[in-house]
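K.L.:
okay, here's the prediction I keep looking at, along with the sequence it came from:
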Amino acid sequence: MSERLTPLMSQYRDIKRRHPGGILFFQVGDFYETFHEDAREISRLLNIALTTRDKDRSDPVPLAGVPIHAAENYIAKLLQAGRTVVVCDQVEDTPGPSGVVKRLVTDVVTPGTTLSPATLVESENNYIVSLAGSGGSVGFAVLDVSTGEFSAGEGSRAEAERSLAAIRFREAIVPAGTSFLMELARALAPSCVVDERPPSEFERDAACEALRAHFGPDEGSCAGFSDRPRAAAAAGALLSYVKELRRSPLAHVTELRHLVTEESLILDPETLRNLEIFEPLQGNAPDTTLVRHIDRTATAMGARELRRRLRRPSRRRAVIERSLDAVSSFLADHAGLRELESRLRRFPDIERLLARITARKAGPRDLLALAEALERVPAIAETARRFDASAVADAVERLARPLEARETILRGIEPGTPAHIREGGVIRRGYREDLDRLIEESEGGKSWIARLQESERGRTGIASLKVGYNRVFGYYLEVPRSHEAKVPAEYVPRQTLVSSLRFVTSELVEREQAILAAESRRVELEREIFDEICGAVARESRAIQVAAAAIAELDVLSSLAAIALERGYCRPEMNETGDLLVTGGRHPVVELISGAGFIPNDTELRAGERTFLLITGPNMGGKSTYIRQTAIVALLAHAGSYVPAARASVGLLDRIFTRVGSSDNLARGQSTFLVEMAETAKILHQCTSSSLVVLDEIGRGTSTLDGLSIAWAVSEYLLENERRRPMTLFATHYHELTNLAERFPHVRNLRVEVREWGDEIVFLYSIREGASDRSYGIHVARLAGLPEQVIRRANEILAALEREQGGEAPPRRAEAMQPSLFDRPDAIRIALQDIEIDRITPLEALKILSDLKKLTGE
């Protein structure tokens, strides 16, 4: 078979054998070609044509390709599908002795290690995770190659899950043969790519040596992780893997932090999903997410920092108060806030610029963008000095540190530089004498050629003689056929065209060779100088990252202040008693998109006395909104943000748990009820007296009696263990659960206010003390548009069932029951309250008056 391979396909085969796990993008001219199974796969994933090579053969080779100029977009799609792409470029223009041009693998791109802007989301970190260990202890490390953020920790499997729960990683590495670590990675991030690596890379000595080699001996024998061997193993293996893959020293990875869960409010993926912090519960509706409505950041770095705060809010009171103090200082100076926002706008993403520069993946314009950003830093720091807050003062101090990178770049890079170093003209004149001599030599030759046209016209008498150039024949003298007789004898024919002839002279050939040699040496020298400048910038990585972090923090704080100012948020008071008290709380998203006046509600949860709020009432009455808004208020407070309320006192929490029925997902092959029970079990096993538990229906996916029994038992479990009794908000349609208040003093019944008007109901969307005696399900069905025949029949069946049950239902206390009717004056008052006087026309006013008159007459 090998005898039949062409030299090109033989070269392809050899490179593919060295990289069997990736899709090989093999440059052939202006295209990246793929062959065999790679071609079939990208044809399917990218929806591009699949053709064949050597079609005359009985077994033609499948072929699919993409143009090089559009390759980044195609690679981004392949990474999104979880594939690795191996990029193999032509590194010379003319074939060697083998008959093919030399090709080398210049990049290996994986979902968790990519640096290209086309493959990254500006506002999101791009994490890769490493897991190590066995038995009861797991080491874990997390790296964002695109920013240099690097952290590690270790603990039990449960602690590893807590630490990594809110980190959305796209790739993970584990030692080969450790199925439990692979299962853990897939449980935490079902769509991530998991790579198995040689176990030797995770051995403590090898990992510590990798850390020592990168961070230096001053950081200790194992970069400060000597007492955490599994964390060190995970971090060292991850660092080695990425360095090998990226073929880069990763100079922008300047520190390894401890991933400490004790200082963070833990939010698992279910909670983030159920509260719609980053992703909508239903379909692709980003307008329903919290981050969509509170992100006013002006920079990509600030956007990522805001999302980190929302994924891992702090539970240290000092950290939270420090953030709130800063937001308060911004709110005290509206003009200063607007000026800071203006200065931050369109500030470049210097974190990711630095990553590309240190990895030698940057272009000349990336360096200029970094220089332009650093030039803006002093003005941002000067504006920030207006605000009196320790967090802002610290940021200003970090921005004041001297940075030489800007001067280094501007001294060396030409302001109007081309996009690619290969185009030449990148380095400023005067930066290096040897480069200036090459430039003069090249330009001198070109000037001679420019003068050659006039001199040859005069010497030959051919007024239409021209000097031209193309990539195939080089420089030439072109003469119309009509003047062929005047051509001097020393002209050497080079090319014959229909209407003209092309010639060269020995002197022209010599000059051309000198020019091309000078140009080639110039490009090589410019590339060398460019790498030197990138190296000088890389040596300032830590200082640039410190400035980037300061910019990101100022951006987040000013964004939080702008939202608080615009929407009337209040500063939460953080308490250590565990109480959660909210006056006039609102849902920050629903109030913006509902299109109607939002009804604020109060929440009162007190440690040791009022820990369990049971909310009953109709499904469309606002129960779900109420319990979720309370959780979001607590989350925002821990993130150091003002909150949507008139007043709030928030106790320090360790976790927020949610169980929401509408999040059920059958795609994984599990029944709705099984998913519900698994999520509920997780809450019961992991909650503490410092947790907030939000339950929106329990026991829906089974029979009524089974569901009621489970919901009752879950409630008792959350109430009976004093040491693990969490703050709980439980919205349910099981009205029988309201009897829990008679057994447990910590339970309070709340109801959604509803008023009946004949056969109709009016949702008031307010939460009041007391239990609801019915769900109004049939009324809600009518609102949803069920046929009237179905509604009538449902009422008949309901009446029959109530007669059949007789007096067996638990008695209700009168004060806990809602009145079934309200007086006509109440109906009229509600109708009047709904009128927007400034918006109605005279004709509409007459119609309303007529309707009200009919009401009074009935």
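P.N.:
Cool, the structure landed. Numbering: from 1, shown residues only.

K.L.:
C-alpha only now, for contacts and for neighbours.
P.N.:
Will do.

K.L.:
which stretches of the stretch 751-858 of the chain form strands?
P.N.:
Assigned by DSSP state E, counting those that start in this stretch, the strands in the stretch 751-858 of the chain fall at 760-769.

K.L.:
could you find the closest non-adjacent residue to Gly236?
P.N.:
Ranked by C-alpha to C-alpha, 6 or more residues apart in numbering and with sequence neighbours excluded, the top spatial neighbour of Gly236 is Ala207, at 4.0 Å.

K.L.:
helix or strand for that neighbour, which one?
P.N.:
Ala207 belongs to helix 204-215 when assigned by DSSP states H and E.

K.L.:
quick check: buried residues in that helix?
P.N.:
Neighbour counts over helix 204-215 (16 or more other C-alpha atoms under 10 Å) mark Arg204, Asp205, Ala206, Ala207, Cys208, Glu209, Ala210, Leu211, Arg212, His214, Phe215 as buried.

K.L.:
I'd like to know which elements whatever helix or strand comes next after it is packed against.
P.N.:
Heading C-terminal from helix 204-215, the first helix or strand you meet, by DSSP H and E, is helix 229-246. Applying 3 or more C-alpha pairs under 8 Å, 6 or more residues apart in numbering; DSSP states H and E, one finds that helix 229-246 contacts strand 103-109, strand 127-134, strand 137-144, strand 149-155, helix 204-215.

K.L.:
what's the mean pLDDT across helix 229-246?
P.N.:
Helix 229-246 shows a mean pLDDT of 95.

K.L.:
contacts only, for the spatially closest residue to Ala389 that is not a sequence neighbour.
P.N.:
Nearest non-adjacent residue to Ala389, counting by C-alpha to C-alpha, 6+ apart: Ala326, 5.1 Å away. Ala326 sits next to Phe387, Asp388, Ala389, Ser390, Ala391, Val392, Leu557 when contact means C-alpha atoms under 8 Å, 6 or more residues apart in numbering.

K.L.:
so which strand or helix has the residue nearest to the last one when sequence neighbours are not counted?
P.N.:
Right, Leu557. Nearest residue to Leu557, sequence neighbours excluded (C-alpha to C-alpha, 6+ apart): Val327, at 5.8 Å. Taking DSSP H and E as the criterion, Val327 maps to helix 317-331.

K.L.:
and the next helix or strand along the chain from that helix, which residues are buried?
P.N.:
Next helix or strand after helix 317-331 toward the C-terminus (DSSP H and E): helix 334-344. Buried residues in helix 334-344, counted by 16+ other C-alpha under 10 Å: Gly336, Leu337, Leu340, Glu341, Arg343, Leu344.

K.L.:
residue contacts, the nearest residue to the fifth one once chain neighbours are set aside?
P.N.:
I take that to be Arg343. If the residues on either side of it in the chain are set aside, Arg343 comes closest to Ile380, at 6.1 Å by C-alpha to C-alpha, 6+ apart. Neighbouring residues of Ile380 by C-alpha under 8 Å, 6+ apart: Leu340, Arg343, Leu344.

K.L.:
for the second one, give its distance to Leu374.
P.N.:
For Arg343, the distance to Leu374 equals 13 Å [C-alpha to C-alpha, to the nearest Å].

K.L.:
before we move on, the earlier item: and the contacts of Ala326, which of them are in helices?
P.N.:
Ser390, Ala391, Val392, Leu557 (DSSP state H).

K.L.:
show me what contacts the residue nearest to Gly236?
P.N.:
Glu201, Ala232, Ala233, Ala234, Ala235, Gly236, Ala237.

K.L.:
now with 7 Å?
P.N.:
Neighbouring residues of Ala207 by C-alpha atoms under 7 Å, 6 or more residues apart in numbering: Glu201, Ala232, Ala233, Gly236, Ala237.

K.L.:
double-check that the first one belongs to a helix.
P.N.:
Looking back up the chat, that one is Glu201. Yes. Counting by DSSP: H, G, I helix; E, B strand; the rest coil, Glu201 is found in a helix.

K.L.:
thanks again, I'm all set now.
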